[in-house]
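In: kindly generate the corresponding structure for this input.
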Amino acid sequence: MIGRRVLLALAIVSGAASGALYLAAAQRVDVVVAARDVDPPRPLGADDLAIRSVSADLSPEGALAAIDGAIGRTPSAPLLRGQIVFGRALLDDAPAFGSGISLPLGMRAVALPVTAAEAVGGTVRPGATVDVLAVPIQGRAPPERTTELLASGVLVLDVRSESGVPLTESASAALGGARDRIGSVVIAVRAADALWLADRIATSTFVIALGAP
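Out: Now for the predicted structure:
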């Protein structure tokens, strides 16, 4: 008799647990997703966003549940279509650069024309710490000038394409499509160094050397 009671109790507990698991799996919540590919620093509009219903246990922490919480804000990184939008990944104000990095107080932003070969094979990314070398161009620079170290340990604010837009890993590139080539690297320097760099642009080829963070 006691054995039957124990088995009955176990069956009730097991049934209750199964029911709870089923209800948890069946419960749905809304999350905001990107309706199309979006590259910063463009603020999000209603057409950029959509609502998707997902299982409650699959909804990640911090995911937005309403489109109104994202409209007008700027993603800090590119969004791919269908990607869940997180509130912590959105900026209230558009950054000065597509990378989301702001120019430090008292510094100047200077864009140096470079190719991929001159920028560590195109591996230089915003946030990196780099050195800038100037190699004199024969026929333009004074004959006595040699390769110079123009700046050391400077912050990369952004990497731009040949067309002047932020060079980002867009959805088409991620899927094997064509990607624009690097055209310039934007760095933060002191005002005095900005004058020196500007003076060398017409007579030098710049080489970016990647340093440790």
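In: which is the next helix or strand following the helix or strand of the chain with the lowest mean pLDDT?
Out: Lowest on mean pLDDT, DSSP states H and E among the helices and strands of the chain sits helix 171-174, with a mean of 39. Next helix or strand after helix 171-174 toward the C-terminus (DSSP states H and E): strand 182-189.
In: what's around residue 202, how many residues?
Out: By other Cβ atoms under 10 Å, the residues close to residue 202 number 9. Placement of C-beta: from N, CA and C, glycine included.
In: can you check residue 180 too?
Out: That count, for residue 180 with other Cβ under 10 Å as the rule, works out to 16.
In: excluding chain neighbours, what is closest to it?
Out: residue 161 (3.8 Å; Cβ to Cβ, 6 or more residues apart in numbering).
In: would you confirm that that neighbour contacts residue 183?
Out: Yes: counting by Cβ atoms under 8 Å, residue 161 touches residue 183, with 5.3 Å between them.
In: those two - which one has more neighbours?
Out: Remark: of residue 161 and residue 183, residue 183 carries more neighbours, 19 against 15, as counted by other Cβ under 10 Å.
In: mind listing what residue 157 touches?
Out: 96, 97, 99, 101, 103, 109, 126, 186, 187, 188 (Cβ atoms under 8 Å, 6 or more residues apart in numbering).
In: quick check: bridge partners of the last one?
Out: Applying DSSP bridges to residue 188 yields these beta-bridge partners: residue 109, residue 155.
In: okay, now it: neighbour count?
Out: So residue 188, with other Cβ under 10 Å, has 20 neighbours.
In: could you check how far it is from residue 182?
Out: 18 Å (Cβ to Cβ, to the nearest Å).
In: before we move on, what about the third one?
Out: Between residue 99 and residue 182 the computed distance is 14 Å (Cβ to Cβ).
In: which neighbours do these two share?
Out: By Cβ under 8 Å, 6+ apart, residue 99 and residue 182 have these common neighbours: residue 159.
In: ok so, going back, could you dump the contacts of residue 157 into CSV with distance to residue 30 and pLDDT added?
Out: Below are the contacts of residue 157 laid out as CSV (distance: Cβ to Cβ, whole Å; pLDDT from 0 to 100):
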residue, distance to residue 30, pLDDT
96, 34, 65
97, 33, 71
99, 31, 71
101, 32, 79
103, 38, 80
109, 40, 90
126, 33, 89
186, 39, 93
187, 43, 94
188, 41, 93
